[in-house]
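K.L.:
My questions are about this predicted structure, shown below with the sequence.
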Amino acid sequence: QKQRCHGAGCPDISAAAVRDELGGEGARNGPSRSATGWCVPALLVLLRLRRRLLALSSVGSISEEETCEKLKGLIQRQVQMCKRNLEVMDSVRRGAQLAIEECQFQFRSRRWNCSTLDALPVFGKVVTQGTREAAFVYAISSAGVAFAVTRACSSGELDKCGCDRTVHARGERGGESFQWSGCSDNIAYGVAFSQSFVDVRERSKGASSNRALMNLHNNEAGRKAILNNMRVECKCHGVSGSCEFKTCWKAMPPFRKVGNVLKEKFDGATEVEQSEIGSTKVLVPKNSQFKPHTDEDLVYLDSSPDFCDHDLKNGVLGTSGRQCNKTSKAIDGCELMCCGRGFHTDEVEVVERCSCKFHWCCFVKCKQCHRVVEMHTCR
């Protein structure tokens, strides 16, 4: 494994350097509220890319330029960027997979549980329409790529980036001073790569349609879920475990935290419509009584289907056969999950570890216990 990069010998990881290296424009101005300044995500391209990259996982890493040509669905600029950044493409694959897994975790107890993203060759109207669900998928996908690329930088996997060298000198936290040291996560590089690679397709078409504005807003909101939750981690130094002085570094939040933040944004997403301010097209709340959304909020254009019935054409698997909670009144409860169709109750035997004891030295020995539980599934 490569060593983490520290000091003056590290490669230049400034936003300008990333932009020049990738040949993109995503990092030039950063997030902006203007129609031309937004970076437009290409969700379906990212998801198709994710499926193709996962299909290639059985043959190892993406190490040849010919592989980029085989990724059908990419526009020429993305193919060129892929060829120039082969070592980063495995991180893109990991980021997309991370996003799908987090989406399925966050929606595991809802009618739409993100299974359509992994099971269908065509994702249908669930994500092609401007729904809340599409807003979340755009956001979590964009965040996943930024997160995985940043993590690869910090762990020394990539030659083109290392630790964040802009964090240095001394700082103060909780009234105590400390020395910035260690390897701060290079989130600037991860965000810049996500903007440049993921967004290039829609940027090439312009960003004036209402759906493009929605997509780009949610894509940037996903990246902001990481940026706004960066944290400071520290390590104590001293004799016999004392903390005579600290060294600290900036670190990304766990991706579960990013998913939790975006799930909250999903629950409070704002329905919007396109408006014009002078010659600039922007999104505004459809209900004028609602306060304007912020850069961190998710926005959507279309109402969601109820996701009750199986409709493969539109990417809806329905809730028949889904497990539900008989006693819950929330969305995971049988009444709501099953859409009023009722549910089956079966008794199933569960095998669990029990009566665990620690034995010197050094293992834990458990018994296997059998118990019968009720399982409820939607009709």
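P.N.:
Okay, I see it.
K.L.:
Can you name the residues that contact the closest residue to G95 other than its chain neighbours?
P.N.:
Leaving aside its sequence neighbours, G95 sits nearest to A148 (C-beta to C-beta, 6 or more residues apart in numbering; 3.2 Å). Any C-beta I mention is one placed from the backbone N, CA and C, and that applies to glycine too. Taking C-beta atoms under 8 Å, 6 or more residues apart in numbering as the criterion, A148 is in contact with 91-92, 94-95, 98, 190.
K.L.:
And for D311?
P.N.:
Applying C-beta under 8 Å, 6+ apart, we find D311 in contact with 305, 318.
K.L.:
returning to that earlier point: distance between the helix or strand hosting the residue nearest to G95 and the chain's centre?
P.N.:
Using DSSP states H and E, A148 maps to helix 132-154. Centroid separation for helix 132-154 versus its chain: 3 Å, with C-alpha atoms, centre = their mean, to the nearest Å.
K.L.:
Over to stretch 154-163?
P.N.:
20 Å.
K.L.:
Report the mean confidence score over that stretch.
P.N.:
Average pLDDT, stretch 154-163: 91.
K.L.:
Sort out which residues of it are buried, please.
P.N.:
With burial defined by 16 or more other C-beta atoms under 10 Å, the residues of stretch 154-163 counted as buried are 154-158, 160-163.
K.L.:
ditto for stretch 282-295
P.N.:
So stretch 282-295, judged by 16+ other C-beta under 10 Å, has buried residues 282-285, 293.
K.L.:
ditto for stretch 252-267
P.N.:
Of all the residues in stretch 252-267, those buried under the rule 16+ other C-beta under 10 Å are 252-253, 255, 258-263, 265-266.
K.L.:
Pick out the most distant pair among those residues.
P.N.:
Greatest spatial distance among these (C-beta to C-beta): M252 and F266, at 20.6 Å.
K.L.:
Relative to R231, which of the buried residues of stretch 282-295 is nearest.
P.N.:
Using C-beta to C-beta, these come closest to R231 at H293, 25.3 Å.
K.L.:
Next up, identify which helix or strand that closest one is on.
P.N.:
Using DSSP H and E, H293 sits within no helix or strand.
K.L.:
Tell me where this structure has helices.
P.N.:
15-22, 43-55, 65-70, 76-84, 86-106, 115-119, 125-128, 132-154, 187-193, 200-205, 210-227, 255-267, 334-337 (DSSP state H).
K.L.:
Kindly tell me how buried the closest residue to M230 other than its chain neighbours is, as a neighbour count.
P.N.:
Leaving aside its chain neighbours, M230 sits nearest to K250 (5.4 Å; criterion: C-beta to C-beta, 6+ apart). Residues lying near K250 (other C-beta atoms under 10 Å) number 20.
K.L.:
correct me, but K250 touches L227?
P.N.:
No. In this structure, K250 is not within contact of L227 by C-beta atoms under 8 Å, at 10.8 Å.
K.L.:
Now for the two: what residues contact both?
P.N.:
What both K250 and L227 touch, as defined by C-beta under 8 Å, 6+ apart, is the set I187.
K.L.:
and stretch 302-315, how far apart are its ends?
P.N.:
16 Å (C-alpha to C-alpha, to the nearest Å).
K.L.:
Could you shift the numbering so residue one becomes 40, and keep it that way?
P.N.:
OK, 40 is where the count begins now, so the last one is stretch 341-354.
K.L.:
model confidence over it, on average?
P.N.:
87.
K.L.:
Repeat that for stretch 317-326.
P.N.:
In this model, stretch 317-326 carries a mean pLDDT of 90.
K.L.:
And that stretch, how far out from the chain middle?
P.N.:
Counting by C-alpha atoms, centre = their mean, stretch 317-326 comes out at 27 Å from the chain centroid.
K.L.:
And for stretch 300-315?
P.N.:
The answer for stretch 300-315 is 17 Å, by C-alpha atoms, centre = their mean.
K.L.:
what's the span of it from first residue to last?
P.N.:
Stretch 300-315 stretches 30 Å from its first residue to its last (C-alpha to C-alpha).
K.L.:
With stretch 315-335 instead?
P.N.:
Start-to-end span of stretch 315-335 (C-alpha to C-alpha) is 21 Å.
K.L.:
Then stretch 298-317?
P.N.:
One end of stretch 298-317 sits 36 Å from the other (C-alpha to C-alpha).
K.L.:
ok, and what's touching that stretch?
P.N.:
Under C-beta under 8 Å, 6+ apart, the answer for stretch 298-317 is 141-142, 144-145, 171, 174-175, 178-179, 182, 249, 252-253, 260-261, 264, 268, 320-326, 329, 332, 335-340, 342.
K.L.:
List only buried entries from the residues you listed.
P.N.:
Buried members of the contacts of stretch 298-317, counted by 16+ other C-beta under 10 Å: 141-142, 145, 171, 174-175, 178-179, 182, 249, 252-253, 260-261, 264, 320-324, 332, 335-340.
K.L.:
So this structure: which segments form each domain?
P.N.:
The chain is divided into the following domains under automatic domain parsing: 54-203+220-268+292-339, 358-417.
K.L.:
quick revisit: same list (the buried residues of stretch 193-202) but as JSON lines, adding distance to E391.
P.N.:
Listed next are the buried residues of stretch 193-202 as JSON lines, based on distance: C-beta to C-beta, whole Å:
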{"residue": "S193", "distance to E391": "38"}
{"residue": "S194", "distance to E391": "36"}
{"residue": "G195", "distance to E391": "41"}
{"residue": "E196", "distance to E391": "39"}
{"residue": "L197", "distance to E391": "43"}
{"residue": "K199", "distance to E391": "48"}
{"residue": "C200", "distance to E391": "45"}
{"residue": "G201", "distance to E391": "46"}
{"residue": "C202", "distance to E391": "44"}
